[in-house]
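Student: my questions are about this predicted structure, shown below with the sequence.
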Amino acid sequence: MELLEEFNSNLENLPSDVYYPDDDSYLLSGFVSTLAKGKVLDVGCGNGLQSFSASTNNSVESVLGIDVNLKAIDFCSDFSKKAKIPNCSFKRIDYFDFIKSNQIKFDTILCNPPYLPTEITEKLQGQINEAFDGGIDGRKFIDGFLSTVSNQLTSHGQLLTIASSLSSIDKTIEVLDSLGFTNRILGQKSFFFEKLVCINSVRK
Ligand SMILES: C[S@@+](CC[C@H](N)C(=O)[O-])C[C@H]1O[C@@H](n2cnc3c(N)ncnc32)[C@H](O)[C@@H]1O
């Protein structure tokens with residue numbers, strides 16, 4: 001069985017408080033499997049779709065998936081063992097703690113961030129909240145992530161990320177532009193309530 005087919009059939013074991021792959025996940029993973037290269041960091045790996053998609057690309061040397069949700073990390077590690085994937089590892093850590101001690105530069109960074117504008121009363125119970133909660137304007141994680149990501153990349157490194165109209169695609173592109181990235185929209189999906197885009201960013 002192909003790895004991603006095996007991944008999809010294993011989703012029946014996904015704990016309910018880990019993000020189930022959705023349109024945003026599949027929009028990103030389609031580009032990840034063709035464009036990921038070298039040392040890859042998957043920020044907020046969740047169910048692991050981005051990490052496992054990257055691992056199918058022969059240009060990928062290794063993949064490190066990180067997430068704050070322990071159940072996500074256990075799920076990814078178990079599947080990785082079961083499917084005998086040699087080049088993926090997973091670690092439970094908050095991205096903002098990870099970057100304080102990380103010494104490695106990555107060739108590719110993947111991120112499908114939590115991007116939903118969320119009022120205090122809209123917060124979900126348990127770890128699943130981290131998958132969605134972008135704070136009041138949806139940009140709490142995104143802005144912190146964007147302002148630090150360049151430092152984690154090699155000089156020819158690339159970022160593959162998702163942005164949503166619910167938390168301003170234009171703002172994300174503006175910020176990336178101001179940080180010295182050249183940005184390409186690789187693909188998009190539109191719904192009556194939301195537009196999602198997949199952005200590929202490289203240094204100018
Ligand atoms: C929208 S989900 C994406 C999951 C998966 N990568 C995908 O594409 O389906 C966002 C993920 O980011 C994780 N996350 C949120 N804040 C984080 C942080 N500060 N550090 C690490 N992971 C975080 C959540 O736990 C969740 O698994």
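Tutor: Yes, it's here. In this text, all values refer to a predicted model and were calculated from it rather than measured experimentally. Numbering: from 1, shown residues only.
Student: can you name the residues of this protein that neighbour the ligand?
Tutor: Proximity of the chain to the ligand (C-beta under 6 Å from any ligand atom) is limited to residues 19, 21, 25, 28, 44-47, 49-50, 66-69, 72, 94-96, 112, 114, 130-131, 141. Every C-beta, even on glycine, is put in place using the N, C-alpha and C of the backbone.
Student: just the buried members of the residues you listed?
Tutor: Neighbour counting by 16 or more other C-beta atoms under 10 Å classes 19, 21, 25, 28, 44-47, 49-50, 66-69, 72, 95, 112, 114, 130-131, 141 among the residues of the chain next to the ligand as buried.
Student: what's the distance between the nearest residue to K37 once chain neighbours are set aside and C88?
Tutor: Nearest non-adjacent residue to K37, counting by C-beta to C-beta, 6 or more residues apart in numbering: S59, 4.0 Å away. Distance, S59 to C88, using C-beta to C-beta, to the nearest Å: 15 Å.
Student: looking at the two, which is more packed in?
Tutor: C88 (24 against 13; other C-beta atoms under 10 Å).
Student: could you give the bridge partners of the more buried one?
Tutor: C88 has these beta-bridge partners by DSSP bridges: V63.
Student: that one reaches F52, doesn't it?
Tutor: Yes. Assessed by C-beta atoms under 8 Å, C88 is found in contact with F52 at 6.9 Å.
Student: mind listing the shared neighbours of those two?
Tutor: Listed contacts common to C88 and F52 are S80; contacts here mean C-beta atoms under 8 Å, 6 or more residues apart in numbering.
Student: so where do the helices sit in this protein?
Tutor: Secondary structure of the chain (DSSP state H): helices at 3-10, 23-35, 49-55, 70-82, 95-101, 129-132, 140-149, 169-178.
Student: just put these in a markdown table and tack on distance to H156 and mean pLDDT.
Tutor: Output for the helices of the chain, formatted as a markdown table (distance: least, C-beta to C-beta, whole Å; pLDDT from 0 to 100):
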| stretch | distance to H156 | mean pLDDT |
| --- | --- | --- |
| helix 3-10 | 27 | 95 |
| helix 23-35 | 13 | 98 |
| helix 49-55 | 17 | 98 |
| helix 70-82 | 27 | 98 |
| helix 95-101 | 20 | 97 |
| helix 129-132 | 31 | 96 |
| helix 140-149 | 15 | 98 |
| helix 169-178 | 16 | 98 |
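Student: among those helices, which is the most enclosed?
Tutor: helix 49-55 (a mean of 27; mean count of other C-beta atoms under 10 Å).
Student: need the longest strand for this protein.
Tutor: Using DSSP state E, we find that the single longest strand of the chain is strand 153-164.
Student: now do it: which elements does it pack against?
Tutor: helix 23-35, strand 38-43, strand 106-111, helix 169-178, strand 195-203 (3 or more C-beta pairs under 8 Å, 6 or more residues apart in numbering; DSSP states H and E).
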